Each structure stands twice: as C-alpha cells, then as structure tokens.
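> have a look at this prediction, sequence included:
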Protein chains: 2
Amino acid sequence: MRTYVAIQIFIVLIFSTMISCTTTEEYWKNRAILMKKDRRHALGSSLKLTKEEQKVNGILMNYKLREFDEGFQNPESFLAAKHFFEAKEGIEQSKVFKLIKKIPKGASLHSHDLALASNEFLYNLTFRDNLYSCVVNGELKLHFFSADKVNKFCNWSLVNDMRKQDPNFDNFLRSKLTLICDNPSEKYRDLRTVWKSFTNIFLAIENLIAYYPVWQDYFYQALKELHEDNVKYLEFRGYIPEVYDLNGHTYDAVEVVKMYHDTLDKFKRDYPDFIGAKFIYAPHRSATNNTMQQYIYTFRRIKKRFPDFVAGFDLVGEEDLGEPLSSFVPQLLELKSNYGANFFFHAGETNWYDESTDLNLLDAILLNTTRIGHGFAALKHPLLLREIKEREIAIEICPISNQVLKLVDDLRNHPGSIMIANNDPIVIAPDDPSFWGAKGLSYDWYLAFMGMSGRESDLRFLKQLAINSIRYSSMEDHEKSEALEKWENDWSIFVKEQLSNHCSANNEAIGV
Amino acid sequence: MRTYVAIQIFIVLIFSTMISCTTTEEYWKNRAILMKKDRRHALGSSLKLTKEEQKVNGILMNYKLREFDEGFQNPESFLAAKHFFEAKEGIEQSKVFKLIKKIPKGASLHSHDLALASNEFLYNLTFRDNLYSCVVNGELKLHFFSADKVNKFCNWSLVNDMRKQDPNFDNFLRSKLTLICDNPSEKYRDLRTVWKSFTNIFLAIENLIAYYPVWQDYFYQALKELHEDNVKYLEFRGYIPEVYDLNGHTYDAVEVVKMYHDTLDKFKRDYPDFIGAKFIYAPHRSATNNTMQQYIYTFRRIKKRFPDFVAGFDLVGEEDLGEPLSSFVPQLLELKSNYGANFFFHAGETNWYDESTDLNLLDAILLNTTRIGHGFAALKHPLLLREIKEREIAIEICPISNQVLKLVDDLRNHPGSIMIANNDPIVIAPDDPSFWGAKGLSYDWYLAFMGMSGRESDLRFLKQLAINSIRYSSMEDHEKSEALEKWENDWSIFVKEQLSNHCSANNEAIGV
C-alpha cells in the first residue's frame, strides 16, 4: 500500500510540474520522463539485460523496427495485422520470426490433443495402410479397419484407393484437415460458421489419431515439433477419445493416458534436455449431469494412476453454445474437494458481455482456477480482473486461434495487448496449431511481439514470456526451479550463439 | 485513499470466504455478491432510478434482452456486431433504437463541420441552381459559379444538365457523397484505403457547402437534425474553409465563424429549448511551422471576436499520416499561454502501439487537453489512462466512425467497451454521420448500448451518457447547471410520455 501511495504522490508531482511548464525545454524533459514511466508498466520492462543480451537485443530490434516502421508507412504490408492465412508465408520470411524460432521459449501451456502436431504430419498419416474414408453430408470421416472388419455404418473406401481413383480426392482430403482457405473472411462469416468447420475437423480426424499405432507416434511428433521450436515443456488438454486397434480392441481412459505417459518417457530418453509434459483432462462442455459423473469417474482413475502427469480438469467446445461452468457447480466442487482437481478452465473466449460465456470467468475464479484459457472478455470485468491479477491466475492468450476463430480480426485490437501494457499475468499459447498450418509456439510469439506489444517492446518482452510460461505452469515449485535453471542455461547458449553468428556474418560481410 | 483501502479489505474478505466455501449454497450466495459488485464499476451503475424510471427501464430492457439474447442464439443476426452499412436498416426497425431516439440525449461533442447534416440533405443541395461538377481522375468536384465566371481549372458542367444527359450521373454523384457501398470489407481493405475515399468526400463537397447561400442553411439543418434527435447542445470541429459567393467574393475566417454564430442565434430563436453550440477551430494536421502560424493568427482573431462561441483548438486529418502534436509544441504552448486556447485534441485514433499516433495521447495530456478525440489507443498506456481518469479528461468515443474507418470490425471489441466497464470518463459522439448515412446521435448510442455495454446495462447507462455529455462539455459551470436543469426537465417529460404511451398501448391491446 505504501508503494502505491508513493507512486501516486510521485505522479501528482510530475504532473503538477508538467502543467505549469511553459517552455519547450521543460516540456521535452517532462515528456521523456512520462513516456519512460508509462512504458515501465509493460510486460518485460522490469527485466535488466546483460551487456551480451543488449547486443542480441540490438540485432532483434534492428529487424523489428525495420519491419514495424515499414508497416506503419504501408499498413497493407504489415503482417501482424493480417489474417494468419494471408500472413503465414510472409512471417516465415521475417527475420524477427527466424530469430524468435531460435529463442528458448520455455513452455507451451494451452493446446489440444488432436491439434498438436503439424498439419503436414497429420496429412502424412493418411498414407498409412488400412485407412478408410467416407463422406456424409459433405463431411469427411476417417477410420482404420482390417479389411474383414469394416463397419457398415458408412460407405467406407480405402483412402489409398480413393487417391488413385479420384485426382481431386487428395485436395478434398487436405481441405478437411485444416481451416486454411483462400478467402477466410468470406468463407467464415462469423464465429458460429468457423466453429462448425473447426468441430468438423475434430470429427474427421479423431479416428485417424485415436488408432493405437498412430496415437503414440502423434504425441511423440507433437513433442518433437515443440522441441525443434525450442519449447521444452508442455501442458495440454485432452478429452481422451476411445483408442482402438485393428482387432476391434479399445483401450480405456487409464490405458490411453498411459500411452501419453509412456510416449513422454520415451521422448525424454531420446531428448534428455526436454523438461516434461502434463495432461489436463478436458472433455466436452455440452454435458449432462450424468456425463459429468462419468467425467468425474474418469478423472479419479487417471489422477490416481498418474498423479504427477495429470495436472487437472477443464471443459472444452464452443463456449457460447456449450453449458456454462455454473451448470455443474456441485460436480466441480466435488472434483476439487474430493479428488484434488486443479482447474484450467476455458472462460470468456467470447465477444459477448454479460452473457453466460463471459460469466464463466466469474465461476472459474470462484472455483479457484489455476489458469484461464483465453480470458478474452476479462477486461470487461474490472473486479474479476483485479482478482485474476492479485491471485496471479495466468491468462492463456492464443493469438492465432482468436483470430482464425473469429473473435478479433486485427490482432492489434486483441485485449491481450492491454494486458501486455499492464504486465498482467499472461502466457502465449498456440491452441490448435495443426488446424491453421502453424507449428510450435513461434508463430504466436511473433504475432504477440509484432501485433500485440508496442514498437518499443524488445528482447525483455520475449524473455518475460518465456519466464512467465514456466512461472505459470502447474509444475511443483522444485520442478519450476529446475526448469528455470535449465531454461537459463539454454538462454545463455542462445545469447552466445546469436552473438557469434552475428559476428561471423558481419566479418564475412566485410571480408574478414 | 481510505475508501480504497476499505474496498480492498472488503474484497479480500469476500474472496477468502469464497475460497473456503464448499457447499453449493455458499457458492451461489458468493457468486451473486461478486457479480453485483463487478457490475457496480460500470458506467451508469451508480445512478438510482425512480419508480417511474424503473417502469420505463422495464420497457427498454424488455426490448433489449429480446434483441440481445436473439443475437446470442443467432450471432449472424446481431446488428451491433455487423458493419453499419449492413446493419442500418435493421437498426431502424429495432424497438431499442426507436426508444433511444426519443431519449433526451443531452449534447453531441465530436463532429466535423462538413459532415454534420444528413446525407439526404447534402444530396438535395446538389439540385440547387448554378452548381457545377467536374471529374478529375475519377474524383468528383462541386462548385457554384455564375455562368460568366466558371473557372478554367477544370472541365465544369452544370450538375442539373449532367443529370439530364447521363442517366448514371446521379448514382455516381451519390456514391461520391458517402462511403456507403454494398461490400465495405472488400472495397475498403484497410485504413489507408478508406481514409482516401473519406478525404475525397471532403474535397468533393467542400465548395458545395462553403457557398454563401448554402453555408448557413447547412449548419441550420445540422442543428435541426440534432434537435429532432433530442440532442440540445453541440460542440463541433470546423476548419473554416473559404466561403464564397457567385460574385467571386470570399469571406474571411471571422466572417465565416460569424455565419455560424448568427445561424445559431436564429436557430435558438426558432427553437428556444435548444441550449446552444460551441465551435472548435480544427484545421488540418499536415501543417508546416508557417501554416501553424496562420492557424494561430486565425484562432486569435475568431477567439477575440467570439470568445464564448469559440471553445478551443484541435488538429484534424488521418492521424497516422499527419504531423504528430509533438511537431508543434512551441506553437501549441503559445496558443495556450498567450491566447488562452483550450485543446480538444484528436489523439490515439489508431491501432498502432508506441508509434507517433498513439503518442499523441502523451502530448494531448501534457498540453492539458480538455477532451480527447477517439483515444482508441488509450488503454495501451496505463499511466496516461490513469491521468485521463483522474483529471476527468473525457474521451470522445465515435463507434460508427471507428468501425467504418477501419479501426475495429466488431464493435464488441471496441476498447470503449472496457472504458464503459470501468466507468471511465467517456462520451459517445457521431464524428461524420453524413458520410455513413447516419443522422443525429441515436445510431451511435444504439451501438454503444447494444454492442459496447453489457447485456445488463440499462436505462441508467443511457442516462449517464446524457449526463456525461453535459458534464464533459466545455460550457462554463453556470451554463452546465442550466443545461442540466433543462435536460432534467426534458428527461422527466420523456419518462412520463413513455409511461403514458405504454399504458395506452397496453390498454389498447387489452381492449380498454
């Protein structure tokens, strides 16, 4: 409280000096002080860079300011204000993006089981043997069968046969695995339309991924792609579909989670620098009381079996359409008090104000959520926002997702930008990278850096994002310390490598 | 400070009770308290309604909730989330809109001289005698001439002749008087494109309006349309074009402002309940030091001649392109200290963060601005925002303008929504209603009420908007008191009329 009062008094003094100033000299002096003080609130601004880091920052800001100021001059060229589908190629050419890819980014804390690995990997899975497809009302379904056990509920054909027979099939198949299209604003007029296509992708690919021989490969690949993007820890949501094999055998929830667990172990053996992953059980929110009882049952079992791997509980699906959290208060209280569930609720992923969707924020807080998924509407609720900040409930901001799924067109208008200006507890996450052709965390970091933070935000902002991702993870304190130590090591290697690369590039340029 | 501490303690107590609550009964009790407290921050929520007002509120909320909840169910039908060009007809059918039109709305504090009166009136002006048009590079110019004095700088033809000769001319002419088109998102891809068309309208119509016999009619009509929309006071920006007549005589700045002044007097004689109007001298921001000296000279003269009518100074034009305020610090300090100019600066009408445009906010505050035009970027500057609030510098929010001029697509994402949630000092204004087919203040109020405030915001919100419009006007204190008294009188008549209309309608419905 004392600090607060002191700051207030200081501000009053600054402004009273300022108001009385009439000379231009006084004006510029006060202006510089104020600007500096205003920027001191922003995410990352409290960090101090070492001399070496300052040099890397120089390289980064050289790239950033060139791109940013070119955008200010020619707004139509500014990538971070465009739709991701139209900006992606340009982003991949950006020197800022290339540098961000190399940064040790810490953790990725919000993504979903069936949309983790890249679209290219997903597409390549469709070349596997025994994969059948069928089309119902224009929507694709995929399923593996042994030839003698193809079910009769659909008009199944082998995907590899379809490819040979119909030269258009492959394009059709590809189009059903992502939301990518040429004119997204025309194809997806509103949130409901895009969510329909979005949900159809999940329905199409569920049994492509939930096939025993694929299931573990898929998760392994997801971890590998994060690792390649210099992300070393993952917390992801999964709804635990029924994994099956060609013999018609299905695996129950505990067995399915065990597959994740075992895959993670294998991955950590192959990549010993990878820190780990945790699982958030996140079934669909359009549930009944009975379904909720089944969710509780499943949660109890997986939590008991993998207490360290299963981090908590959430509900997923289009928030405006599904049941609000308030529909399941008794069950959620039970999950918490009887089975020690930590919550990671999606809440306020909406443009609506004072509808059931943004009121999920209220229930998420009342239920003592650990983090909030999206929280797009949080700024419209001042008391709740204050509580979010004071209790350091991190908000998981997913820039590309919010744009593609029609919450916001121009990411410079994303409320995350205001949260960044206020150093609110946020992390940046990719949500469903596979569905929009992204990969890893770098695309979202790039957009947060170029579109949501200011022209002056620099390496400290990115460093703070990495630190936040570990701080707000659900690791235990001792795990966090270890993770932070490993990340610091990676960070200093990154700094050294950048300096050395830059020096050699410069030396080459001047012929040394 | 004491109140602040008390509130903090209260919040801590509420939350600590809440966290320990495990029964659903406790949960619902705490939830209701929290929700109520969260909403108490919002604009209008501190007002108490009389019993009569509560009944009118009942009527209003009946209309609002029906429309709002229908929108939540079928988002594609929700008018306040659409582009204004696509929503306008629907808005005019809305019962909420029809009621808003009848509300005494107080004052309109941000609009521009050549875009004040309705587009229909502007179009009808083109039927006047002696009006010539010419087209240069596809852009229209209009000018009155006597037949013997048509200038040679353009290939002028009489508009009425063109109408007869070319059946398409009238559509072409209409298209050049507004931004309205069938597919705005396709035609206006970005801010720069739409601003080009926007500026071309000003260039096309300047000499249609700045013609001596039209000049006063136009302003009279603007006042009349506001009056019809139950707005009783106006503060508007004007850049004082050179008014001319058929004899080639031109009128200087003092004479032009005198025409406004005399027209206002005439209007007040015709409509004695109209409170008044004030003028903000607002020339173009793409200026040189020399031009600024001319502005100062003009300001001195008009302020000296009409000290009560001339409220202050501003600069206009596309903020991203024009000179920032910081380019003219010495001149602006001079205007303030030597000539007593109050400032009403456009500042932060931008999506950019930490570019010269949003940094105009810094200079506007340092220059002790009375209000801020748009302030779209203010939330990205926490220290500046705090200062804006503490000093009650009102932000003039122009919903339709910001949408049409490509700052934000879906008004539910407008930062004004967050300002409304926090009861920041805001007013709602129409900017350039003529150019997008709006009229008066009601369209913008409707969009603020349906798109930017929450589902629960009610008559208190609208009442507060009206009170704010008077409170944040630049009237002297005693003028404000009188204005408020007059408005209160209008308000109680409105309440009575609504109740009486509603009762007769109900009685009719039940056959009494």
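Thanks, I have the structure now. Numbers count the residues shown, from 1 in each chain, chains lettered A, B, ... in the order given.

> can you give me the strands in chain A?
With DSSP state E as the criterion, chain A has strands at A:106-108, A:131-136, A:139-144, A:157-158, A:231-238, A:243-244, A:250-251, A:276-281, A:310-313, A:346-347, A:371-374, A:394-397, A:426-428.

> got JSON lines for those, with mean pLDDT, distance to B:Ile275 and mean neighbour count too?
In this view, the C-beta of every residue, glycine as well, is placed from N, C-alpha and C. Formatted as JSON lines, the strands of chain A follow (pLDDT from 0 to 100; distance: least, C-beta to C-beta, whole Å; neighbours: other C-beta atoms under 10 Å in any protein chain shown):
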{"stretch": "strand A:106-108", "mean pLDDT": "98", "distance to B:Ile275": "59", "mean neighbour count": "29"}
{"stretch": "strand A:131-136", "mean pLDDT": "96", "distance to B:Ile275": "66", "mean neighbour count": "19"}
{"stretch": "strand A:139-144", "mean pLDDT": "96", "distance to B:Ile275": "61", "mean neighbour count": "20"}
{"stretch": "strand A:157-158", "mean pLDDT": "96", "distance to B:Ile275": "76", "mean neighbour count": "16"}
{"stretch": "strand A:231-238", "mean pLDDT": "98", "distance to B:Ile275": "58", "mean neighbour count": "25"}
{"stretch": "strand A:243-244", "mean pLDDT": "98", "distance to B:Ile275": "73", "mean neighbour count": "20"}
{"stretch": "strand A:250-251", "mean pLDDT": "98", "distance to B:Ile275": "76", "mean neighbour count": "16"}
{"stretch": "strand A:276-281", "mean pLDDT": "98", "distance to B:Ile275": "59", "mean neighbour count": "24"}
{"stretch": "strand A:310-313", "mean pLDDT": "98", "distance to B:Ile275": "59", "mean neighbour count": "25"}
{"stretch": "strand A:346-347", "mean pLDDT": "98", "distance to B:Ile275": "46", "mean neighbour count": "30"}
{"stretch": "strand A:371-374", "mean pLDDT": "98", "distance to B:Ile275": "46", "mean neighbour count": "29"}
{"stretch": "strand A:394-397", "mean pLDDT": "98", "distance to B:Ile275": "46", "mean neighbour count": "26"}
{"stretch": "strand A:426-428", "mean pLDDT": "98", "distance to B:Ile275": "46", "mean neighbour count": "27"}
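
> can I get these in TSV including distance to A:Val329?
Converted to TSV, these look like this (distance: least, C-beta to C-beta, whole Å):
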stretch	distance to A:Val329
strand A:106-108	30
strand A:131-136	37
strand A:139-144	35
strand A:157-158	47
strand A:231-238	21
strand A:243-244	32
strand A:250-251	32
strand A:276-281	18
strand A:310-313	14
strand A:346-347	14
strand A:371-374	17
strand A:394-397	22
strand A:426-428	27
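
> nearest to A:Leu333, out of those?
Of all the strands of chain A, it is strand A:310-313 that lies closest to A:Leu333, at 12.1 Å by C-beta to C-beta.

> what sits against the residue in the stretch 301-450 of chain A that chain B sits nearest to?
Residue nearest to chain B within the stretch 301-450 of chain A (C-beta to the nearest C-beta): A:Asp354, separated by 3.4 Å. By C-beta atoms under 8 Å, 6 or more residues apart in numbering or on different chains, the contact set of A:Asp354 is A:380, B:39, B:454-457.

> most neighbours, which of those?
A:Lys380 (28 neighbours; other C-beta atoms under 10 Å in any protein chain shown).

> A:Thr369: neighbouring residues, count only.
Counted with other C-beta under 10 Å, A:Thr369 comes out at 28.

> quick revisit: next, the residue of the stretch 301-450 of chain A closest to chain B: phi, psi?
phi 70, psi 30 (degrees, to the nearest 10).

> so what's it closest to, chain neighbours aside?
B:Gly454 (3.4 Å; C-beta to C-beta, 6 or more residues apart in numbering or on different chains).

> tell me if I'm right that A:Asp245 and A:Tyr211 touch.
Yes - counting by C-beta atoms under 8 Å, A:Asp245 does reach A:Tyr211; the two are 7.1 Å apart.

> which one's more surrounded, the two?
A:Tyr211 (23 against 14).

> from chain B, how far off is the more buried one?
36 Å (C-beta to the nearest C-beta, to the nearest Å).

> pull the contacting residues for that residue.
A:144, A:243-245.

> run the last query once more with 7 Å
A:144, A:244 (C-beta atoms under 7 Å, 6 or more residues apart in numbering or on different chains).

> against A:Leu142, how distant is it?
Taking C-beta to C-beta, to the nearest Å as the measure, A:Tyr211 falls 9 Å from A:Leu142.

> so which bits of the stretch 401-512 of chain A are right by chain B?
A:408-410, A:412-413, A:417-418, A:421-422, A:454-456 (C-beta under 7 Å from any C-beta of the partner chain).

> who wins on neighbours among those residues?
Top of these by neighbour count (other C-beta under 10 Å): A:Ala421, with 27 neighbours.

> residues touching the residue lying closest to it once chain neighbours are set aside, list them.
Nearest residue to A:Ala421 in three dimensions, chain neighbours excluded: B:Lys380, at 4.6 Å (C-beta to C-beta, 6+ apart). By C-beta under 7 Å, 6+ apart, the contact list for B:Lys380 reads A:417-418, A:421, A:454, B:353, B:358.
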